[in-house]
Each structure stands twice: as structure tokens, then as C-alpha cells.
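Colleague: Give me a 3D structure for the following:
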Amino acid sequence: MLLLAWVAVGHYHRPSIEAQTATWHDGREQYRFERADQDTFDPELYGNTRSVDEAAHHIRAHYQPESQEEKLRAAYEFTRQRFLHFMYPHHTWRTNPYLVLAETIAPKRTWNQMALADDKLRHSAVASCGHAANVFVEIYRAMDGEAQKVSFSGHDIAEARIGDQRYFVDANLERFVQGG
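Modeller: Numbers count the residues shown, from 1 in each chain. Sure thing, here's the model as predicted:
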């Protein structure tokens, strides 16, 4: 019963931004946070959106997109401003004790990364390129768009389609390009 209560409270827990951007070691490499010059993090978005549904609602209310291209651009703008661009948000003992325990037992594996867009929106102010791409894809799909995550050598972006047009969206490096 205590474990269920712990998990229920942890489901809504959000560590401070300082704790999220502290230097950490993943068993292979040490990562230090340094805010990029192009980083457009908006603390208000961080404070007000904790799920894909809330993000889609925020976009509809504040950007009021009508066309599919406006929805695409608004989902990109939201995602690039919602996160500090940093490596691998991890769960804490409060947010997911099971994954933290797995990482403690096998620290050289990346057991503890937040894999779901809702997890990242609920618990994290930081996102790597793959996490930002994943969040963008889920938000854009929630607004009836078509998108997928695309992986390159060491970098992930999102590809969205509107009819025959393709768009490449990199919310992490803050790039939006129409092309093919």
C-alpha cells in the first residue's frame, strides 16, 4: 500500500530545474549542463503543461492555428520553448523508483530515461534531441498531424507531412525546414 502511495505521489512530482540540470554520470560519460545560446526555454510553458493533451490544448488556445501548416509551426514553437536542451532526463526515486533501482543495479545501461512524451512533459524541463523529437511528434499527432521520428548518426529529429510536402523539425537545435 505504501509503495502504491509513493508511486501515486511521484506521478505528479517534478524536481527543481537546478536538480534536473545538475552534472550527472551515466556510467559511461559525465554530462554537464551548459545552456545553449539559442535555447528559448519558457518557464511558463514548463509550469503549465504536463501532458500531450495539455500541450495540444495550450497550442489551440494561445496560437489558434487554423491550417495544418499553422498547427505544425505551433507544435514546433511550443516544443522548442518548452524544454532546456540537455541530455537525457532521468526519473528520480520519487517519480519512478523501479527505473531508478534498475539503473542503480546496472549503471552502464540507460534504464532510467523518460521514454514517453507525457513523462517528459510531466516531470522534466530538459530534453535531448530524441526526446524533443518524440514530444513534437506526439503533440502534432494529437492535433491530427502526421509525423514520425527520424534518427541520424547521433542525432534525432522529426519529419512531418502535410499532403506531399515534408517538413524537418529539430526542436532541440531549433530548426524548422520545408524540404524533401
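Colleague: Low-confidence ranges, the protein, go.
Modeller: 24-27, 36, 87-89, 108-112, 180 (pLDDT under 70).
Colleague: That one: helices as residue ranges?
Modeller: 2-11, 17-20, 43-48, 52-62, 68-82, 97-105, 117-123, 129-142 (DSSP state H).
Colleague: what's the spacing between the first one and its chain's center?
Modeller: Read it as helix 2-11. 23 Å (CA atoms, centre = their mean, to the nearest Å).
Colleague: same check, this time on the longest one
Modeller: Using CA atoms, centre = their mean, the distance from the centre of helix 68-82 to the centre of the chain it belongs to is 13 Å.
Colleague: for the shortest one, same thing?
Modeller: The chain centroid and the centroid of helix 17-20 are separated by 15 Å, computed with CA atoms, centre = their mean.
Colleague: List the buried residues of it.
Modeller: For helix 17-20, the neighbour count (16 or more other CB atoms under 10 Å) marks Ile17, Gln20 as buried. (Glycine included, C-beta is placed from N, CA and C.)
Colleague: Number of residues surrounding Asp156?
Modeller: Residues contacting Asp156 under the criterion other CB atoms under 10 Å number 17.
Colleague: how about it, what does it touch?
Modeller: Listed by CB atoms under 8 Å, 6 or more residues apart in numbering, the contact set of Asp156 reads Ser128, Cys129, Gly130, Ala133, Asn134, Lys149, Val150.
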